[in-house]
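> model the following, please.
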Amino acid sequence: MVRRSDELRVGTARWSRRDLLRGSLIGGAALAAPSLLSACAKADEGSSGSGGRLQQLQSQGTITVGIAGEEPYGFLDGGELTGMDPTVQEKIWGELGIDDVKSVQVGFDSLIPGLNAGNFDVVAAGMFITGERCAQAQFSEPMYCAPEAYLVPEGNPDNLTDFKSAADAGVTVGVFSGAVEGPYLEDAGVDGSNVVTVPDQQAGLIQLKQGRIDAISLTSITLNWIVNQGQAPGFEVTEPFTPIDPKTGQKIYGCGGAVFRLDDDDLVQAFNEKLADLIGPPNELTPLIEKFGFGPETLPPPDLTTEKLCNIG
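Model prediction:
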């Protein structure tokens, strides 16, 4: 069992997803990295400092993840690290011999800077894979895909159905600083002054309840969690939708994965191998995270890889 420490405070082809993940590792299309076998071989040779970051963390038996406190993706419950992303990561790191998973909570927009500054080893915060972020960090293969939605007063008085509808209605929308929803809203025509950044869910809920914003824009998974936990009486979640790129007319898939530093190739490879095993077949991932509102419908399409997501836009 993984021990969880306290917060530190600061197509057409019918391949399985498992086949695709492993194919990308073998072909090296997305990651030009040393193989996990090579890292293990170095460990057997006993060369200190030459076995890569994975070997170092295995020797320590500890890894530190960065979270943003967003439920149900990665948060603290009574001081215990929990959520979809940490649960998957704890499972994978435990199988790789790293049993102690610690956490550092920061603002969402500080996750990648904090990662690259060495404040933690990996991000476990349900972060979407985008081209801009791929230039700053490495992502695992996607673990889930989530549609967008709004949290609005009951009855949805502004009739919000997608990002363009927010522009048409002239509403003020709360978003996380550094999250994808802000740019999506502005691309859809929402005036920048009507996009209000908030540091976390609770701050957004306070502003919504006080009438300082008209809606909160997040994934439907997050918003349904908030409502189901009784945190937003008098409010409801709109019908989920997949954003459309106004320039290309193509769907923009919101899919998330674990996030690593650009040079931590061995960590990414090892993580992807274990993730492929979880996704299966058989699908062992969904039973692991269904209590956080994830189901078979949130599994990424079999042919949707991180390489493709990084190259969109």
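
> Leu299 contacts Gly280, correct?
No. Between Leu299 and Gly280 there is no contact under C-beta atoms under 8 Å: 9.9 Å. (C-beta placed from N, C-alpha, C; glycine too.)

> out of the two, which sits in the busier spot?
Here Leu299 and Gly280 are compared on neighbour count by other C-beta atoms under 10 Å; more neighbours surround Leu299, at 20 against 14.

> can you tell me how far the nearest residue to Gly189 once chain neighbours are set aside is from Thr161?
Excluding the flanking residues, the one nearest Gly189 by C-beta to C-beta, 6 or more residues apart in numbering is Ala167, at 3.5 Å. Going from Ala167 to Thr161 by C-beta to C-beta, to the nearest Å gives 12 Å.

> and for Thr219?
16 Å.

> please apply the same query to Asp77.
Relative to Thr161, and taking C-beta to C-beta, Asp77 is found at 33 Å.

> again with Pro246
Distance from Pro246 to Thr161, by C-beta to C-beta: 15 Å.

> contact partners for the closest residue to Thr219 other than its chain neighbours?
Excluding the flanking residues, the one nearest Thr219 by C-beta to C-beta, 6+ apart is Ala146, at 4.0 Å. Contacts for Ala146 (C-beta atoms under 8 Å, 6 or more residues apart in numbering) come out as 126, 219-222, 254-256, 298.

> kindly report the same for Gln231.
Gln231 neighbours (C-beta under 8 Å, 6+ apart): Leu205.

> cool, and Lys274?
Taking C-beta under 8 Å, 6+ apart, one finds 91-92, 95-96 in contact with Lys274.

> secondary structure element for it?
Using DSSP states H and E, Lys274 sits in helix 265-279.

> please save the CA atoms from that helix in PDB.
Output of helix 265-279 as PDB, limited to C-alpha atoms (Å, rounded to 0.1, in the frame of the first residue of the first chain):
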ATOM      1  CA  ASP A 265      12.600  10.900 -20.200                       C
ATOM      2  CA  ASP A 266      13.000   7.800 -18.100                       C
ATOM      3  CA  LEU A 267      10.200   8.800 -15.700                       C
ATOM      4  CA  VAL A 268       7.900   9.400 -18.700                       C
ATOM      5  CA  GLN A 269       8.700   6.100 -20.300                       C
ATOM      6  CA  ALA A 270       8.300   4.100 -17.100                       C
ATOM      7  CA  PHE A 271       5.000   5.900 -16.300                       C
ATOM      8  CA  ASN A 272       3.600   5.300 -19.700                       C
ATOM      9  CA  GLU A 273       4.400   1.600 -19.600                       C
ATOM     10  CA  LYS A 274       2.500   1.200 -16.300                       C
ATOM     11  CA  LEU A 275      -0.400   3.400 -17.600                       C
ATOM     12  CA  ALA A 276      -0.700   1.200 -20.600                       C
ATOM     13  CA  ASP A 277      -1.100  -1.800 -18.300                       C
ATOM     14  CA  LEU A 278      -3.800   0.000 -16.300                       C
ATOM     15  CA  ILE A 279      -5.800   1.000 -19.400                       C
END
